[in-house]
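In: This is a predicted model, with the sequence first.
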Amino acid sequence: MTAQLRALRFDTGSLALNLVATLGRRGSVPIERLGTLDRLREWCGGVGLHLHDRDVTDEFLTELRTLREAAYDVAAAVVLARPPSADSVALLNDRARPDPPRPLLTVTDTGVGVEGAGGPLSGRQLQSAVVRDLIALIGDPQRRGALRICDSSLCTMLYLDHTPGRRRRWCSMRLCGNSAKAAKHRERRAAAAPAGS
């Protein structure tokens, strides 16, 4: 397995979809990209969230993976025009309840500052931020209409397509797009080769 396949993905266009992308290759043999506490810290840094140290635990990692699968179920249901699992919806609604910290304006000696922004989040606050992002995505007709599943049968990653005409077929041209084009090229060469060569 290459480092490229194990690499965390931050190119989906959404916080919630970036969490969903921590399980790669859903269409074949899944690749867990969020397998350790170090990877959890790396993912948090990649999405610009800071998790409180006391919540960087194996228990929280398990909760986050459960949330990830519920988010995948609901987002894929939108793309595939099918109902999601009632358990997924219930879990996401439960995890959306805690309020994330609210930034407040403060008066400083030099003018105005912001307090409470960028501080560490509890595990529940982080989950709430992820679910609220998914709810905002699904609730916005433009973003919802841009939700796609990668055409690669191995990948099936969810992403937002903001290209003109929304004709993007792969999560990444560099990754799945190039693989698909190379496979098609090999098929054409094999079909054109003389029999027995």
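Out: It's in.
In: would you list every one of the helices in the chain?
Out: Counting by DSSP state H, the segments of the chain that form helices are 3-6, 15-20, 37-47, 58-80, 86-96, 123-139, 141-145, 178-192.
In: what number of residues lie near the spatially closest residue to His162 that is not a sequence neighbour?
Out: Of all residues not flanking His162 in the chain, Ala146 sits nearest, at 5.9 Å (Cβ to Cβ, 6 or more residues apart in numbering). In short, each C-beta sits where N, CA and C put it, glycine included. Counted with other Cβ atoms under 10 Å, the neighbours of Ala146 add up to 18.
In: Over to the one 4 residues further on?
Out: Residues contacting Cys150 under the criterion other Cβ under 10 Å number 23.
In: Hmm, it is touching Asp161, no?
Out: No. Cys150 is beyond contact range of Asp161, at 10.3 Å (criterion: Cβ atoms under 8 Å).
In: Among the helices of the chain, which comes closest to Leu105?
Out: helix 123-139 (20.5 Å; Cβ to Cβ).
In: about what we covered before: can you check the pLDDT for the residue nearest to His162?
Out: If you check Ala146, the pLDDT there is 96.
In: contacting residues for it?
Out: 13, 160-162, 166 (Cβ atoms under 8 Å, 6 or more residues apart in numbering).
In: what's the answer for Arg132, then?
Out: Applying Cβ under 8 Å, 6+ apart, the residues near Arg132 are 96, 100.
In: roughly how far apart are it and Ala3?
Out: 32 Å (Cβ to Cβ, to the nearest Å).
In: Next: Ala77.
Out: Counting by Cβ to Cβ, the gap from Ala77 to Ala3 is 32 Å.
In: Worst mean pLDDT across the helices and strands of this structure, which element?
Out: helix 178-192 (a mean of 60; mean pLDDT, DSSP states H and E).
In: and the gap between Leu160 and Val29?
Out: Distance from Leu160 to Val29, by Cβ to Cβ: 26 Å.
In: Between these two, tell me which one has more neighbours.
Out: Neighbour totals were compared for Leu160 and Val29, and Leu160 leads with 19 against 9 (other Cβ under 10 Å).
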